[in-house]
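In: here's a sequence, model it:
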Amino acid sequence: MTKILVIEDEQAVRENITELLATEGYEIVAAENGHVGINWAWEHKPDLILCDVMMPELDGYEVLKLLREEPTTALMPFIFLSAKADKTHLRQGMELGADDYLTKPFSKKDLLGAIAARLKKQTALRQPEPSHDEHHGDRDNANIFVAEFLSLKSAQVTGRLSVTSASGQEWTFYLYSGRVLYASGGMHPIRRWQRLIVTHCPQISIDRLKLPTDLAGSAWEYQVLSLWLKQEQITSRQVTQIVRGSITEVLFDILQTGQVIKYQVQIENSSGLQLLLMDIEQALASAYQMWRNWQHANLTNVCPNQAPILKNPELLQRKTSPNTYRQLTTLLDGRRTLRDLAVLMKRQVLELSYTLSPYLQDDMVELTDIPDLAMPTAGEVALEPPVTPIALKPTIACIDDSPLVCEVMRNIITDAGYQFIDIQDPLRALAILLSQKPDMIFLDLIMPKLNGYEICTRIRKINAFRDTPIVIFSGNLIDRVRAMVVGASDCLDKPVQADAVVKLIHKHLSASERST
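Out: Model (predicted):
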């Protein structure tokens, strides 16, 4: 089902649009302001966005600008809704990358027509383009796979589809009545499953995970999810995120490989567990969008299942700043794939890979194959997750573009008994803060695109954060004075020291907030 995000601060208008589109068969999500809308779009990737222009705190233009700067949402169809009909506003929206502009009040026909036109164009963009380059044969193979995959929907197949590439990789799709239940296999099925658990189920401890002793062999990940759901260790929403994530990642890998040489369909009468049924066309559309974004970023030959490792550290040290060199030598140790690193750093794998691409092109960094992780050992699975008062502990956020600083702060803050959120992309800071509602914020001063002063000013404009303690990293007297002017509660010198950080936390969080 096509998913549309409606960002509109006027409740009556928002509800009218939601009701109208729902009756037309669309899946609708409504956001009452720009911050909530951006956060939802980044996380769930709707098929199209309708957004009001005039909204408090974060207007529609700023929403569009932030979405266009994020690679994973840069191509998302975006339609402005506005009561202003003059050409200046229309031109401003189009210059920022809007796909259409509807003037309020608009008719049902105009709204549905604009949506249909944008979705039709997006569908065309998702189709593989004819090519005559050296990869033409691979793309033909990918198209054959797509046709084979789609034929399972019309045939309403229940069973399994096994796919094998020329390099010997194997994937398996589990199907029920022409829809996808789950997908597994490939280079790193264990790494994939653990990444999805870490991302979507933070309450599950991967380090202490043991599998049930009575698993039936195939699709054991799916069986574990079913068990956890039955035991109420995870929610239905978390199951959906994990299953969809696995299906999309497997399809992406097949599209990138391109060299599919064998298909085998095994018909089965019983489907077994049915946690989620994903439409085959929807699954392919999601994977195709990811693959096209990957191609547009010139990453066609970069495999996210490979691990980056330093190839020429001496050249890297000469061509980068000391801070960048320290970060790269710490992270690029050849033990984690690009996908693993993206989860560790809480960044999109496309964004991370694009950031590393100049170092790959200059032979300072190279990609290497690494083995999959060991399968978790069989044993008892706790019927209930460990009972800890984590939800009652104050949450502290750190906004800093340096992964190294964030890791240091994470160790200090979690060792002191608090929950921790790291935000390394300043453009996403407001949306994440609004979603997570931390009790205290540490904020770097010098960052790309937005500096600490600008972020602090924007945070203070949001009612929920008017009294939230904000500590800015700065050792300069003039910077400290300016920080106080824009609303900072305190300042802290870099490099950070554990005792100084804890002292500031104790200073700004009351005894009642610190109790657990």
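In: counting by contacts, list what the strand or helix carrying Leu66 packs against.
Out: Per DSSP states H and E, Leu66 falls inside helix 60-69. With contacts taken as 3 or more CB pairs under 8 Å, 6 or more residues apart in numbering; DSSP states H and E, helix 60-69 sits against helix 34-44, strand 48-52, strand 78-82, helix 87-96. Where C-beta positions appear, they are placed from N, C-alpha and C, glycine not excepted.
In: buried deepest among those, which one?
Out: Highest mean neighbour count among the helices and strands packed on helix 60-69 (mean count of other CB atoms under 10 Å): strand 48-52, with a mean of 26.
In: the helix holding Leu66 vs strand 48-52, what angle?
Out: 150 degrees (axes from the mean of the first three to the mean of the last three CA atoms, to 10 degrees).
In: got a list of contacts for helix 60-69?
Out: 7, 34, 37-38, 41-42, 49, 51-55, 73-74, 76, 78, 80-82, 92-93, 96-98, 427-428, 431, 449 (CB atoms under 8 Å, 6 or more residues apart in numbering).
In: now for the helices and strands packed on helix 60-69, which one comes closest to Met375?
Out: Of all the helices and strands packed on helix 60-69, helix 34-44 sits nearest to Met375, with 29.1 Å by CB to CB.
In: relative to helix 60-69, how tilted is that closest one?
Out: Per the same axes, to 10 degrees, the angle that helix 34-44 makes with helix 60-69 is 20 degrees.
In: just checking, what packs against helix 34-44?
Out: In this structure, helix 34-44 packs against strand 3-7, strand 27-31, strand 48-52, helix 60-69, helix 429-436, with contacts taken as 3+ CB pairs under 8 Å, 6+ apart.
In: just the ones you listed: most buried one?
Out: strand 48-52 (a mean of 26).
In: list the neighbouring strands of that strand plus their orientation.
Out: Looking at strand 48-52 with DSSP bridges, its partner strands are strand 3-7 (parallel), strand 78-82 (parallel).
In: can I get those strands in JSON lines including mean pLDDT?
Out: Converted to JSON lines, these look like this (pLDDT from 0 to 100):
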{"stretch": "strand 3-7", "mean pLDDT": "95"}
{"stretch": "strand 78-82", "mean pLDDT": "91"}
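In: okay, helices next: where are they in the stretch 351-500 of the chain?
Out: For the stretch 351-500 of the chain, the helices defined by DSSP state H, counting those that start in this stretch cover 403-415, 429-436, 452-460, 477-485, 498-508.
In: output those helices as a markdown table; include the columns distance to Arg339 and mean pLDDT.
Out: Below are those laid out as a markdown table (distance: least, CB to CB, whole Å; pLDDT from 0 to 100):
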| stretch | distance to Arg339 | mean pLDDT |
| --- | --- | --- |
| helix 403-415 | 16 | 90 |
| helix 429-436 | 21 | 80 |
| helix 452-460 | 29 | 89 |
| helix 477-485 | 37 | 83 |
| helix 498-508 | 31 | 92 |
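In: mind checking which of the helices and strands packed on helix 34-44 is nearest Leu443?
Out: Across the helices and strands packed on helix 34-44, closest to Leu443 is helix 429-436 (CB to CB), at 8.4 Å.
In: point out where this protein drops to low pLDDT.
Out: Low-confidence segments of the chain, defined by pLDDT under 70: 69-72, 85-87, 91, 94-95, 121-142, 207-218, 270-273, 377-392, 510-516.
In: check which residues of the longest helix along the chain are buried.
Out: Longest helix of the chain, by residue count under DSSP state H: helix 236-257. Judged by neighbour count using 16 or more other CB atoms under 10 Å, the buried positions of helix 236-257 are 238-239, 241-257.
In: show me what it is packed against.
Out: Applying 3+ CB pairs under 8 Å, 6+ apart, we find helix 236-257 packed against helix 136-154, strand 159-165, strand 170-176, strand 179-185, helix 189-200, helix 220-230, helix 280-296.
In: please save the CA atoms from that helix in PDB.
Out: Extracted C-alpha coordinates of helix 236-257, given in PDB (Å, rounded to 0.1, in the frame of the first residue of the first chain):
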ATOM      1  CA  SER A 236       4.500  -6.300  16.500                       C
ATOM      2  CA  ARG A 237       6.000  -3.000  15.200                       C
ATOM      3  CA  GLN A 238       9.500  -4.200  16.000                       C
ATOM      4  CA  VAL A 239       8.800  -7.500  14.200                       C
ATOM      5  CA  THR A 240       7.600  -5.600  11.100                       C
ATOM      6  CA  GLN A 241      10.700  -3.400  11.100                       C
ATOM      7  CA  ILE A 242      13.100  -6.400  11.300                       C
ATOM      8  CA  VAL A 243      11.300  -8.500   8.700                       C
ATOM      9  CA  ARG A 244      11.000  -5.600   6.200                       C
ATOM     10  CA  GLY A 245      14.600  -4.600   6.800                       C
ATOM     11  CA  SER A 246      15.800  -8.200   6.100                       C
ATOM     12  CA  ILE A 247      13.700  -8.500   2.900                       C
ATOM     13  CA  THR A 248      14.800  -5.100   1.600                       C
ATOM     14  CA  GLU A 249      18.500  -5.800   2.400                       C
ATOM     15  CA  VAL A 250      18.500  -9.200   0.700                       C
ATOM     16  CA  LEU A 251      16.800  -7.700  -2.400                       C
ATOM     17  CA  PHE A 252      19.300  -4.900  -2.500                       C
ATOM     18  CA  ASP A 253      22.200  -7.300  -2.400                       C
ATOM     19  CA  ILE A 254      20.700  -9.400  -5.300                       C
ATOM     20  CA  LEU A 255      20.200  -6.200  -7.400                       C
ATOM     21  CA  GLN A 256      23.700  -5.100  -6.800                       C
ATOM     22  CA  THR A 257      25.200  -8.600  -7.500                       C
END
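In: so how far is it off the chain centroid?
Out: A distance of 13 Å separates the centroid of the chain from that of helix 236-257, by CA atoms, centre = their mean, to the nearest Å.
In: give me the number of residues near Met484?
Out: Neighbour count of Met484, defined by other CB atoms under 10 Å: 14.
In: which non-adjacent residue is nearest it?
Out: Cys491 (8.0 Å; CB to CB, 6 or more residues apart in numbering).
In: right, and the one you found touches Asn476 too?
Out: No: judged on CB atoms under 8 Å, Cys491 makes no contact with Asn476 at a distance of 9.0 Å.
In: of these two, which one has the most company?
Out: Comparing Cys491 with Asn476 by other CB under 10 Å, the one with more neighbours is Cys491, at 21 against 12.
In: on that earlier part again, which one of the helices and strands packed on helix 236-257 lies nearest to Gln327?
Out: helix 189-200 (21.1 Å).
In: and the closest one, what does it pack against?
Out: Applying 3+ CB pairs under 8 Å, 6+ apart, one finds that helix 189-200 contacts helix 236-257, helix 338-344.
In: could you export those to CSV, including columns for distance to Val486?
Out: Output for the helices and strands packed on helix 189-200, formatted as CSV (distance: least, CB to CB, whole Å):
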stretch, distance to Val486
helix 236-257, 37
helix 338-344, 32
